[in-house]
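Chemist: pasted the sequence and its predicted model underneath.
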Amino acid sequence: MASPLSKFPIDLAKYKKLTLDASQPKLTAEQKSTLKENIRLLRDAIVLFTATGAARGVSGHTGGAYDTVPEVCIALSLFEGSERYLPILFDEAGHRVATQYLLSALQGHIPPEHLLHYREANSRLPGHPELGLTPGVKFSSGRLGHMWPHVNGVALAHRDKVIFCLGSDGSQQEGNDAEAARLAVAQGLNIKLLIDDNDVTIAGHPSDYLKGYDLQKTLEGHGLKVYTVQGEDIDALWGAMASVINHNGPAAVIAKRLMAPGIPDIEGSTHGHDVIPVKSATKYLISRGYPESLISEIFGSIKPAALPYSYIGSTKETAANRAIFGEAVNLVLDKLSKEEAAKKVMVIDSDLEGSTGLKVIHQKHPEVFIPSGIMERGNFSAAAGFGFDADKFGVFSTFSAFLEMVISEITMARLNNCNVLCHFSHSGGVYMRSSEEGWTSSDIPCSIQLMKWQTTPVTLVSTHSSLTTVSRMFNPGYTSPQTQLQMIAIVKQVFFERGIRFVFSTRSKVPYILKEDGKTKFFEGDYKFVPGKDETIIEGTAGMAWTLALINKPTLNVVDEQTMRKIGSSPFVLVVESFNQKTGLGSKFGTWLLERGLTPRYGYMGTVKEGCGGLAEQIPYQGLDPQSIIAKIKQLSQ
């Protein structure tokens, strides 16, 4: 049977090197034929190995990399013929990382069969390109909007070179690119943008939610020379690329095309943004002439990694806190008339509504919802401005990794006493799909698992908190729900409170926490969230079967004095969290104890290194698995 270690079934040796010269703006019949063959070959390879990500349950983002293969093949052919180019294909879309891995294989840095380990933990093939991690990868992409400004600096250092930067209609929505355009034009930088305009982003189509957004007019307004062509017309694409190369200064080719052209199941749809389903990839590859048995065996041999532990103290049933956020907001809005809701509340999206829980608000309460683009700073400020009046409330949401985009805007909102409920999803550092949009975390069942062994009353503070530096800087309401039930309670409690409120959620689905009877769920029934109040999940008493006290700290920037005294009277305290050990709750908690004259033995655990990708592997990789926590408790208890 074939396996991920089998020989790569698509023969990349069939890729034919081609030399193109920008002074010759028309392709010969032979050049055109070779380009088309190369494009088909590389697109087939991308479909195959990105679909292995779907098979192992770790995503893969097929569409963007698949789309831009024609531009990539032409650029490689230009590199072959001249030293006037810097031979790096910078890319603003980190999700198009499959392109960079395919180039690594083509150039001999990794064997082609290694591509079948795409986004597998410890494979060094994460969800965004990382310089120094993957052989052959020449840059780290960061997130949308970060690369063009970086490439400006590269161009300033290499004024004698033509430099390519792959872009997209999504990345061009970021304000960073507007700034980069102005500098590139002012300095006459020899940057050539190759922009894939497929009118698809995560949440929908820019032509629907950003009326007036026109890439050609925008870039021409900054002073760039722009050519707009149909990206699947190879003659037109080559002519445009030759023209921008021959233009002295920054210029762009906008390649319009459907998302994932030629893949029937996902062509033109938002489904093409993420990984192609195995079934669709199999159908496509069979239509391209690859043996069904071989393709099926490759995908069938890949299994998602299983969790290494069985947990007690939590349910097998799971749900996503990030999705529950939107349901919780709907519960608040349901009590208002449509007219009152529209007057009092505004919810704005940054093209992430399906990932941050806002989609259900869009569906049920469109009267309060504004779909918007990939422009977090402007969207946050719009939410804050709506909440400038005392009786109006803005709601803003994005990934936790993107919070840094709005730090200064948070300051301005605070100074203007604005009302903003902020939901930052994908926080924490545990069950992570890849080293991409920040860390994603599970909940605290790994902590509950270790309750059986200790015979001394001690205290374990467990949280999946994040970014306590922000809470200390601005002192807004700052909460981190532990389960879906607590998320609902928190949103209900704080929705109409004045000021800025931060709610953080995980990416991963998490279980419900159970009480000591092993049946009753915490946070259900008549539970009410009290800001600033810590919650005892399990009491610690010598002689009991459950002997560790487990404290949930949902409000991370406020000290609960009563609970702090209780914690401080224990023989030792251990803070376990899934965020950076250097800046998380644990880095502050010890100081809080000492300020109150409380001196238990103290330890804290959090993430300590960059992620390796993968789902089940992330907790033990960070040393946050049950055995590591138990070892730390044993050390503290001696």
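Modeler: Looks like it arrived, so ask away.
Chemist: mean confidence for the lengthiest helix in the chain?
Modeler: Secondary structure of the chain per DSSP state H: the longest helix is helix 29-55. Mean pLDDT, helix 29-55: 97.
Chemist: from the contact counts, what lies against it?
Modeler: helix 63-67, helix 69-81, helix 97-106, helix 234-246, helix 278-287, helix 292-300 (3 or more C-beta pairs under 8 Å, 6 or more residues apart in numbering; DSSP states H and E). Where C-beta positions appear, they are placed from N, C-alpha and C, glycine not excepted.
Chemist: among these, which is nearest Phe495?
Modeler: Phe495 lies closest, by C-beta to C-beta, to one member of those: helix 63-67, at 36.3 Å.
Chemist: off-centre distance for the closest one?
Modeler: Chain-centre distance of helix 63-67: 18 Å, with C-alpha atoms, centre = their mean, to the nearest Å.
Chemist: which residues of the chain score low on pLDDT?
Modeler: In the predicted model of the chain, residues 1-6, 307-308, 429-479, 540-549, 612-616 satisfy pLDDT under 70.
Chemist: repeat that with 50
Modeler: For the chain, the stretches flagged by pLDDT under 50 are 1-4, 430-458, 462-476, 541-547.
Chemist: those strands in the stretch 101-250 of the chain, which residues are they?
Modeler: Counting by DSSP state E, counting those that start in this stretch, the stretch 101-250 of the chain has strands at residues 162-168, 191-197, 225-230.
Chemist: among these, which is the most enclosed?
Modeler: Of all these, strand 191-197 carries the top mean neighbour count, a mean of 27, counting by mean count of other C-beta atoms under 10 Å.
Chemist: given it, what are its sheet partners and their directions?
Modeler: Partners of strand 191-197 in the sheet, by DSSP bridges, are strand 162-168 (parallel), strand 251-256 (parallel).
Chemist: quick one: contacts of the longest one?
Modeler: It refers to strand 162-168. With contact meaning C-beta atoms under 8 Å, 6 or more residues apart in numbering, strand 162-168 is reached by 64, 68, 71-72, 75, 84-86, 88-93, 96, 99, 144, 147-148, 151, 154-155, 177, 189-198, 245, 252.
Chemist: of these, keep whichever come out buried.
Modeler: Those of these that meet the buried threshold are 64, 68, 71-72, 75, 85-86, 88-93, 96, 99, 144, 147-148, 151, 154-155, 177, 189-198, 245, 252, by 16 or more other C-beta atoms under 10 Å.
Chemist: returning to what we had before: export the strands of the stretch 101-250 of the chain to JSON lines and tack on distance to Ile410?
Modeler: Listed next are these as JSON lines, based on distance: least, C-beta to C-beta, whole Å:
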{"stretch": "strand 162-168", "distance to Ile410": "28"}
{"stretch": "strand 191-197", "distance to Ile410": "31"}
{"stretch": "strand 225-230", "distance to Ile410": "35"}
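Chemist: that older thread, give me whichever of the helices and strands packed on helix 29-55 is most buried.
Modeler: Buried most deeply of those, by mean count of other C-beta under 10 Å, is helix 63-67, with a mean of 29.
Chemist: which one, of the strands of the stretch 101-250 of the chain, ends up nearest to Leu598?
Modeler: For Leu598, the closest of these is strand 162-168, at 52.9 Å, according to C-beta to C-beta.
Chemist: kind regards, and thank you for your time.
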